[in-house]
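Participant: Please find the sequence and the predicted model below.
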Amino acid sequence: MKERLKKLFQNEMFVGIACAVGCIILIGAIILTAVLLTRGNQTTGKNTDSTFSFAVPSDEEESSKEESSGQPSSQEQAAQTSSKTSSSSKQNSSKQTSSKEQVSSQAPLVEPPKANANDYKAMAKQNTYRAKLLARTYMDDFYDPQTFVQFMEYPFRTVGVTTAWEYGAMMSMQTMMAKIDKSEISLMNNVIEGMQYYGRKKNGELEAYVVHRGDFPMGASDEGLAYDDNIWIAINYIQAYQNTGNKTYLSQAEHIMNYLWEEAWFEPLGGFFWDYRKQARHSCSNNPAIKPYVDLYKLTGKKQYLDRAKQVFEFSYNALKDKKLNIYEDLVGARQENGKWVEGSSAGTGFYSYNTGAMISGASALYSVTKDKKYLDEALACAEGAYEYFGVKDQVKGYVGWPYKRENGSETQIWFNVILLRGYIDLYEVAPQEATKYILMFQNSIDYAFTHYLDGGYLPYDWLGGWHGKERDRYKRALDHSSNVEIYAMLADWQSRRK
């Protein structure tokens, strides 16, 4: 991690001076490290066990930072943030524990005996072990818990820190790790604290989370705001609340979902816009919103959340579903005719596994509280539709894989399959017999990857095909590999509750 932080500065001006100063700092760091080791490895870095609080800097503090750094564009902001955060990390490196040191300080992992597939508790232990193994490598290579920086790639090249999407996926991963192992809660709290660097404030309070990271908590100024990013973050907060009982997390989830309704709902025809430009309504900004609204209804008793979940469902079902394939298109537009808004067509806008997976979750959640069979029917239809359309059945005999590329050969995100698996697991809560076969397809194919292709604590993005030697293999992506961790964590949780 420290090596990658250093690379951010290797093209700075005055390299000669920096090298000389670096030598002095290095000598000092060695001496200081020796002193610290003799004192029992005491550190003065941030305490990842601390209770999280949503600190908002004063307007004077914010103005001071803006005056000194200027107002960068969205693209420049990500690079500048990476540089500034890494500079801070370098200046305090003698006082802080690196992510590698934090990970290695955990108890050694002991691999359990190979589990029998019919022994659900043993399978849960095996999945937990594998999730932890992958997670430790991931957090070592991609995340610095002292500066809250998550890197886009490993090994580090020129791409800087991640956007809210990738960071939110790591937050999702860690909330699942904390669900299956309470000792992971402190790191979960730490990751959530880092999420605040993507927060943009309005009137002194959190408005929402934006695409690019700011220089300090609630200090993001990026204009870019994706509503779907915020839905995923709200889902993470709900899971964090369920893990800890911390009502701050619940209130943050409510804040986001209320903001979404007020800011992004298209009143004339229904549906949430995808981002701040309000040009189209996507499946990814609607289907995922259904379940957190239902969850908030369950947790708070506020009927408005259930009503909203039903409204989102009706919009998506009518405007975005391909009713022949039983999966969901990507987006839909709208136009005005004779002064009235008219719904556009979603046909041909593209299919991604997570859009249908999110609907399986949402429809299952609605059925769980209403017992209206139309929701269960939709969840079951989508479950089979997703399997038929997205399941890769001809790669390795006896296994079903899940897409990492589209039909035209272009790459896609395996993170999309995390949401599809989540949908199948949510379906299990209301239709266990029907859902089990789909979940086991995921279990078997990721186990195939672990048995045949595990390399240095990583699994390939192509579970059944292995490592291809392409750039995506050589420079691992944060989103790919947090996905593999989370999938094993979800499977561990599911096997532990399986009947």
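Facilitator: All right, it came through fine.
Participant: so what's the residue nearest to Met176 when sequence neighbours are not counted up against?
Facilitator: Counting by Cβ to Cβ, 6 or more residues apart in numbering, the nearest residue to Met176 once its immediate chain neighbours are dropped is Ala489, at 4.0 Å. C-beta here means a position set from N, CA and C on the backbone, and glycine is covered the same way. Residues in contact with Ala489 (Cβ atoms under 8 Å, 6 or more residues apart in numbering) are 127-128, 131, 135, 173, 176-177, 179-180.
Participant: what helix or strand is Ala379 on?
Facilitator: Using DSSP states H and E, the element containing Ala379 is helix 373-390.
Participant: Measure how far that helix is from the centre of its chain, please.
Facilitator: From the chain centre to the centre of helix 373-390 is a distance of 24 Å (Cα atoms, centre = their mean, to the nearest Å).
Participant: buried set for the helix or strand just after it?
Facilitator: Reading on from helix 373-390 to the C-terminus, the next helix or strand found by DSSP H and E is helix 415-428. Within helix 415-428, the residues scored as buried using 16 or more other Cβ atoms under 10 Å are 415-428.
Participant: Now render those residues as CSV, adding distance to Lys393 and pLDDT.
Facilitator: Conversion of those to CSV gives the following (distance: Cβ to Cβ, whole Å; pLDDT from 0 to 100):
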residue, distance to Lys393, pLDDT
Trp415, 22, 97
Phe416, 18, 97
Asn417, 15, 98
Val418, 20, 98
Ile419, 21, 98
Leu420, 15, 98
Leu421, 17, 98
Arg422, 22, 98
Gly423, 19, 98
Tyr424, 16, 98
Ile425, 21, 98
Asp426, 24, 98
Leu427, 20, 98
Tyr428, 22, 98
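Participant: mind listing what the closest residue to Trp232 other than its chain neighbours touches?
Facilitator: Of all residues not flanking Trp232 in the chain, Gly168 sits nearest, at 4.9 Å (Cβ to Cβ, 6+ apart). Applying Cβ under 8 Å, 6+ apart to Gly168 gives the contacts 195, 209, 229, 232-233, 236.
Participant: ok, 10 Å please
Facilitator: 162, 191, 195, 198, 209, 228-236, 482 (Cβ atoms under 10 Å, 6 or more residues apart in numbering).
Participant: Would you mind listing the two of the residues you listed that lie farthest apart?
Facilitator: Pairwise distances across these (Cβ to Cβ) peak at 19.5 Å, for the pair Val191 and Asp228.
Participant: In the helix or strand containing the residue nearest to Met176, which residues are buried?
Facilitator: Assigned by DSSP H and E, Ala489 belongs to helix 478-497. By 16+ other Cβ under 10 Å, the buried positions in helix 478-497 come out as 478-496.
Participant: do the same with stretch 186-199
Facilitator: For stretch 186-199, burial by neighbour count (16+ other Cβ under 10 Å) applies to 187-199.
Participant: With stretch 168-188 instead?
Facilitator: Buried, per 16+ other Cβ under 10 Å, within stretch 168-188: 168-180, 184-185, 187-188.
Participant: The residues you listed in helices, which ones?
Facilitator: Those of the buried residues of stretch 168-188 mapping onto helices are 168-180, 185, 187-188, per DSSP state H.
Participant: Asn444 is in contact with Ala117, correct?
Facilitator: Yes. Contact status for Ala117 versus Asn444: in contact at 8.5 Å, counting by Cβ atoms under 10 Å.
Participant: The two - which one has more neighbours?
Facilitator: The neighbour comparison of Ala117 against Asn444 (other Cβ atoms under 10 Å) goes to Asn444, with 16 against 13.
Participant: Look up how far Asn318 lies from that one.
Facilitator: Distance, Asn444 to Asn318, by Cβ to Cβ, to the nearest Å: 36 Å.
Participant: Could you do Ser445 as well?
Facilitator: 34 Å.
Participant: Which of these two has more residues huddled nearby?
Facilitator: Between Ser445 and Asn318, counted using other Cβ under 10 Å, Ser445 has the larger neighbour count: 22 against 14.
Participant: tell me the SS of the more buried one?
Facilitator: On the three-state scheme (DSSP: H, G, I helix; E, B strand; the rest coil), Ser445 is labelled helix.
Participant: quick one: contacts for it?
Facilitator: 391-392, 395-396, 399-402, 417, 463-464, 487.
Participant: Glu263 now?
Facilitator: Counting by Cβ under 10 Å, 6+ apart, Glu263 has contacts 207-208, 225, 227, 230, 272-273, 276, 278.
Participant: and if you look at Asp480?
Facilitator: 166, 169, 404, 413-415, 458-461, 472-473.
Participant: now, among those, which is nearest to Gly348?
Facilitator: Nearest member of those to Gly348, counting by Cβ to Cβ, is Gln413, at 20.6 Å.
Participant: okay, now that closest one: neighbour count?
Facilitator: 20.
Participant: so it sits right up against Ala478, yeah?
Facilitator: No. Gln413 is not in contact with Ala478 according to Cβ under 10 Å; the separation is 11.1 Å.
Participant: what's the distance between Val430 and Glu388?
Facilitator: In this view, Val430 and Glu388 are 21 Å apart by Cβ to Cβ.
Participant: Please say which of those two ends up with more neighbours.
Facilitator: Val430 (19 against 12).
Participant: Settle this for me: that one is touching Leu380, isn't it.
Facilitator: Yes. The criterion here is Cβ under 10 Å, and Val430 meets it with Leu380 at 9.4 Å.
Participant: pLDDT below threshold where in this protein?
Facilitator: For the chain, the stretches flagged by pLDDT under 70 are 1-105, 158.
Participant: residues contacting Lys278?
Facilitator: 227, 263-264, 266, 272 are the contacts of Lys278 under Cβ under 10 Å, 6+ apart.
Participant: ok, of those residues, which come out buried?
Facilitator: The buried subset of those - by 16+ other Cβ under 10 Å - is 227, 263-264, 272.
Participant: Mind telling me the two of those farthest from one another?
Facilitator: Farthest apart among the buried ones among the contacts of Lys278 by Cβ to Cβ are Glu263 and Phe272. That separation is 9.1 Å.
Participant: any residues in contact with both of the two?
Facilitator: Common neighbours of Glu263 and Phe272 (Cβ under 10 Å, 6+ apart) are 227, 278.
Participant: Name the surrounding residues that touch stretch 492-499.
Facilitator: 115, 117, 119-132, 176-177, 179-181, 421, 424-425, 428-429, 432, 435-436, 439-440, 442-443, 491.
Participant: hmm, try it at 8 Å
Facilitator: 120-121, 123-125, 127-128, 131, 176, 179-180, 425, 428, 432, 436, 439, 443.
Participant: which one among the ones in helices among the buried residues of stretch 168-188 gets closest to Asp295?
Facilitator: Nearest to Asp295 among those is Thr175, at 13.2 Å by Cβ to Cβ.
Participant: Contact partners for the closest one?
Facilitator: So Thr175 contacts 188, 236, 239-240, 243 (Cβ under 8 Å, 6+ apart).
Participant: can you name the two of these that are farthest apart?
Facilitator: Asn236 and Asn243, at 10.3 Å, using Cβ to Cβ across the contacts of Thr175.
Participant: Same drill for the two, tell me which one is more crowded.
Facilitator: Asn236 (28 against 21).
Participant: hang on, that one packs against Met173?
Facilitator: No. With contact defined as Cβ atoms under 8 Å, Asn236 does not count as touching Met173 (9.4 Å).
Participant: Now Glu153. Nearest residue, chain neighbours left out?
Facilitator: Nearest to Glu153 is Tyr475, by Cβ to Cβ, 6+ apart, at 4.7 Å.
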